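Q: Could you look at this predicted model? Sequence included:
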Amino acid sequence: MNNLLTTLHTAMDEAAHRVMAIYADPDRFDTRRKADDSPVTAADLAAHDCLVAHLRAVAPDIPVVSEEARPAPWSERRHWSRCWIIDPLDGTKEFLKRNDEFTINVGLVEGGQPVLGMVDAPALGERYYAIRGEGAWRQSAGAEPRSIRVVEPPRAGDRPWRVVGSRSHASAETQAFIEQLPEVELVPMGSSMKVCLVAEGRADLYARLGPTGEWDTAAAQCVLEEAGGCLLSAETGEPLRYNERESLINPWFIACARPDPAWQLPHVPLAEAR
């Protein structure tokens, strides 16, 4: 696993360099719309090509699921015991807004669980990574990596709940969930950085009561779990699992240090969650 991590650092360095070269020159964004009307840029595609080339070179037997490629049919995927799940540019809307809050996500899944994860925020100079059973780390540009850990939720009004929220995907359901809490400090953030903020204790809670893809969460879930937290389906209260259904759309979820009496999971009908 450590060999894969070393390769992943190299792949991420190159992918981040390609993304930032395009980010520095808006004339190269070359934006178009996908079938679901979400934007895709030249940076998404450049990072995809880079990551897939590195991952296939080091582990040709491990298939890749990427947001920027047509997935293999379920009849094939259902037999995979492990796979990479990647988002070459998570937060394309943030990239286009030029607010720096976009990430590159790479997760390795075995038996439905993320066992290796790396989330890189190239414009912010931050990288988060984890290996199952070995802990989670944050590495800032030019610094040594440091271990990260979730913090205990607030007790009896000793401080507000620090709730991280999406800059581009707020919903009425999320607002209703947040209103359960006695006192709230909102922490706006884009992309999978939201889960990473919970993992390193800069936020207590992130509720995503809306659609996401498995590529949005696989890497960050590994980081959060190895930091002592959990990323739970709002439908079942169990950790999210990967490549176990034909659909690659996640159920609604909550990222937290642990479930807490101050909030309840929303009751989400199956059709809404998926």
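A: Great, that's in hand.
Q: residue ranges of the helices in the stretch 1-150 of the chain, please?
A: 2-23, 42-58, 74-77, 92-97 (DSSP state H, counting those that start in this stretch).
Q: I'd like the distance from the second one to the chain centre, please.
A: When you say that, I think you mean helix 42-58. 17 Å (CA atoms, centre = their mean, to the nearest Å).
Q: same check, this time on the last one
A: Counting by CA atoms, centre = their mean, helix 92-97 is centred 16 Å from the centre of its parent chain.
Q: And the longest one, by the same measure?
A: With CA atoms, centre = their mean as the basis, helix 2-23 stands 16 Å off its chain's centre.
Q: Render the CA-only coordinates of that helix in PDB, please.
A: C-alpha atoms of helix 2-23 as PDB (Å, rounded to 0.1, in the frame of the first residue of the first chain):
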ATOM      1  CA  ASN A   2       2.900   2.400   0.700                       C
ATOM      2  CA  ASN A   3       4.200   1.900  -2.800                       C
ATOM      3  CA  LEU A   4       0.800   2.900  -4.100                       C
ATOM      4  CA  LEU A   5       0.900   6.000  -1.900                       C
ATOM      5  CA  THR A   6       4.300   7.000  -3.200                       C
ATOM      6  CA  THR A   7       3.100   6.700  -6.800                       C
ATOM      7  CA  LEU A   8      -0.100   8.600  -5.900                       C
ATOM      8  CA  HIS A   9       2.000  11.500  -4.600                       C
ATOM      9  CA  THR A  10       3.900  11.600  -7.900                       C
ATOM     10  CA  ALA A  11       0.700  11.400  -9.900                       C
ATOM     11  CA  MET A  12      -1.000  14.100  -7.900                       C
ATOM     12  CA  ASP A  13       2.000  16.400  -8.200                       C
ATOM     13  CA  GLU A  14       1.900  16.200 -12.000                       C
ATOM     14  CA  ALA A  15      -1.900  16.400 -12.200                       C
ATOM     15  CA  ALA A  16      -1.900  19.500  -9.900                       C
ATOM     16  CA  HIS A  17       0.800  21.100 -12.100                       C
ATOM     17  CA  ARG A  18      -1.300  20.600 -15.200                       C
ATOM     18  CA  VAL A  19      -4.400  22.000 -13.500                       C
ATOM     19  CA  MET A  20      -2.600  25.000 -12.200                       C
ATOM     20  CA  ALA A  21      -1.100  25.800 -15.600                       C
ATOM     21  CA  ILE A  22      -4.600  26.100 -17.000                       C
ATOM     22  CA  TYR A  23      -5.900  27.900 -13.900                       C
END
